[in-house]
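>>> The sequence isn't on hand, but the structure is:
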């Protein structure tokens with residue numbers, strides 16, 4: 001091997017992308033981040049209110065979108081542990097990821113056919129798209145402890161977020177380019193367009209997300225090995241996959257509570273991620289309220305994507321030096337500072353400062369939360385445990401906005417609501433402080449060793 005090749009390998013190793021299967025795994029984050037940026041954040045919400053809910057009061061359209069988000073979150077929270085249990089028992093993580101992805105991508109592509117006033121169709125397709133993306137992520141994240149060594153899992157998880165930032169940012173930039181300047185791409189433009197012609201750029205953006213999602217899922221499906229099925233010591237060797245999965249699900253819930261450190265980690269994540277999600281979801285609405293223009297808000301969204309790339313990698317490297325738990329603490333401290341800046345924010349410049357700080361810590365904090373949890377659970381139960389992780393992740397987007405709303409109602413000030421989010425970071429950090437990482441990892445490895453001893457001889 002040449003010196004340059006050795007240097008390249010070492011560089012990729014430091015980033016958490018040193019092996020082919022690790023790079024293929026990270027590419028799925030690249031694939032699905034397009035759903036996050038174009039469908040969840042930037043394009044579809046505006047399209048939903050202006051086209052699907054056309055003719056209704058704007059608040060009614062926003063309410064319908066919020067309802068669709070809630071329905072999707074509830075469905076995902078219910079099915080994620082069940083799907084995770086089935087994927088573990090049937091050794092079908094990749095097949096179930098592919099199925100979820102195809103369902104979600106088909107719904108996303110179907111958004112092309114939404115017409116003015118098609119509120120029910122738009123809501124239905126949006127719900128299916130989000131369910132497909134979120135369900136597929138259960139299996140994606142469950143693969144992490146199987147492909148990454150304990151010494152590299154933080155870097156690999158962070159690399160996934162970093163690659164996702166790039167993928168989501170690139171496609172969003174392209175989508176916004178042809179939406180804002182359709183004439184440059186040979187699309188209908190100018191005055192006097194029909195409603196269908198005027199909405200064509202946005203509808204093509206949804207098709208591009210579906211194609212992007214499918215194409216960049218292929219590396220994972222081709223190159224990441226399917227973890228083998230492991231048989232519990234007290235589990236029958238044959239039987240209905242669904243019935244056995246349900247049986248395992250109940251046992252997994254009891255085990256999750258029994259794995260005290262993993263359970264504490266989930267409780268901490270539930271609380272501090274609620275604060276993170278509140279900032280993500282309320283930032284542009286808050287910026288609009290204080291008079292920051294739409295162009296600045298969109299530019300700030302793109303800024304978060306691209307600032308997040310190097311800092312997600314840096315967080316992974318930092319975790320290898322000081323530990324994932326301490327690195328998460330630093331991220332929560334930064335979010336506290338972000339909340340304080342938000343309280344005093346009055347100009348677009350301030351908003352860009354806030355966006356820059358969010359980009360620096362958002363991906364790293366969430367990636368290390370994922371990798372830390374992965375080290376505290378037995379690998380053979382990863383699908384089921386990450387199913388519950390998904391439940392906690394979904395519920396962690398409920399209480400922050402609720403507190404935000406209540407604070408505004410009580411004080412009449414969105415600025416006070418921004419400060420109230422600090423409580424989530426403080427309480428979450430306090431619970432995280434009680435997580436004994438070494439003890440949790442030891443318990444997880446002992447469970448794996450016990451399972452290997454219980455396996456029948458070949």
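Nice, I can see it. Since we're looking at a predicted model, the values are computed, not measured.

>>> quick one, phi psi at residue 226?
phi -80, psi 120 (degrees, to the nearest 10).

>>> number of nearby residues for it?
14 (other CB atoms under 10 Å). No exception for glycine: its C-beta is placed from N, CA and C like everyone else's.

>>> Was I right to think it contacts residue 98?
No - using CB atoms under 8 Å, residue 226 makes no contact with residue 98, being 11.1 Å away.

>>> Give me the secondary structure label for the spatially closest residue to residue 382 that is not a sequence neighbour.
Using CB to CB, 6 or more residues apart in numbering and skipping the chain neighbours, the partner closest in space to residue 382 is residue 142 (4.2 Å). Under DSSP: H, G, I helix; E, B strand; the rest coil, residue 142 falls in the helix class.

>>> Same check on residue 191?
Three-state assignment for residue 191 (three-state DSSP): coil.

>>> What distance do you get for it to residue 198?
10 Å (CB to CB, to the nearest Å).

>>> Same check on residue 370?
Distance from residue 370 to residue 198, by CB to CB: 41 Å.

>>> Between the two, tell me which one has more neighbours.
residue 370 (22 against 17).

>>> doesn't residue 140 make contact with the more buried one?
No - taking CB under 8 Å as the definition, residue 370 is not a contact partner of residue 140, at 10.3 Å.

>>> Which positions in the strand or helix carrying residue 170 come out as buried?
Residue 170 belongs to helix 153-180 when assigned by DSSP states H and E. Within helix 153-180, the residues that count as buried by 16 or more other CB atoms under 10 Å are 153-172, 174-176, 178-179.

>>> With stretch 99-107 instead?
Applying 16+ other CB under 10 Å to stretch 99-107 flags 99, 100, 101, 102, 103, 104, 105, 107 as buried.

>>> Just to check, the fifth one is in contact with residue 127?
What it means is residue 103. No - Residue 103 is beyond contact range of residue 127, at 11.4 Å (criterion: CB under 8 Å).

>>> tell me which helix or strand of the chain sits lowest on mean pLDDT?
The least trusted helix or strand in the chain, going by mean pLDDT, DSSP states H and E, turns out to be helix 3-15, with a mean of 63.

>>> Now find how far off-centre stretch 214-222 is within its chain.
18 Å (CA atoms, centre = their mean, to the nearest Å).

>>> which parts of it are buried?
214, 216, 217, 219, 220.

>>> what about it, how long is it end to end?
13 Å (CA to CA, to the nearest Å).

>>> who touches that stretch?
Contacts to stretch 214-222, defined as CB atoms under 8 Å, 6 or more residues apart in numbering, come from residues 23-25, 27-28, 30-31, 94, 97-98, 101-102, 105, 140, 143, 167.

>>> ok so, going back, quick one: the buried residues of stretch 214-222 as TSV, columns for secondary structure too.
Converted to TSV, those look like this (three-state DSSP):
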residue	secondary structure
214	helix
216	coil
217	coil
219	helix
220	helix
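
>>> Check what pLDDT residue 409 gets.
pLDDT recorded at residue 409 is 74.

>>> typo on my end, residue 326
Model confidence at residue 326 (pLDDT) stands at 95.

>>> Which secondary structure element is home to it?
Counting by DSSP H and E, residue 326 is found in helix 324-344.

>>> Tell me the buried residues in the next helix or strand after that helix?
Next along the chain after helix 324-344, taking DSSP H and E as the criterion, comes helix 348-375. Within helix 348-375, the residues that count as buried by 16+ other CB under 10 Å are 348, 350-351, 354-355, 357-375.

>>> Kindly report the same for stretch 423-431.
By 16+ other CB under 10 Å, the buried positions in stretch 423-431 come out as 424, 425, 427, 428, 429, 431.

>>> picking that back up, what is the helix holding residue 326 packed up against?
Contact here means 3 or more CB pairs under 8 Å, 6 or more residues apart in numbering; DSSP states H and E; on that basis helix 324-344 packs against helix 260-289, helix 294-322, helix 348-375, helix 414-420, helix 422-433.

>>> Can you name the residues in contact with that helix?
154, 272, 275-276, 279, 283, 286, 315, 318-319, 350, 353-354, 357-358, 360-361, 364-365, 368-369, 371-372, 375, 415-416, 418-419, 421-422, 425-426, 428-429, 432, 435, 437.

>>> Check which helix or strand residue 74 maps to.
helix 58-90.

>>> which helices and strands does that helix pack with?
Helices and strands touching helix 58-90, by 3+ CB pairs under 8 Å, 6+ apart, are helix 93-110, helix 119-147, helix 241-258, helix 382-395.

>>> returning to that earlier point: now, which of the buried residues of stretch 423-431 sits nearest residue 268?
Within the buried residues of stretch 423-431, proximity to residue 268 (CB to CB) peaks at residue 431, which comes in at 4.0 Å.

>>> For residue 368, see how far away the nearest residue to the closest one once chain neighbours are set aside is.
Distances taken as CB to CB, 6+ apart put residue 268 closest to residue 431, at 4.0 Å, once the chain neighbours are dropped. Distance, residue 268 to residue 368, using CB to CB: 12 Å.
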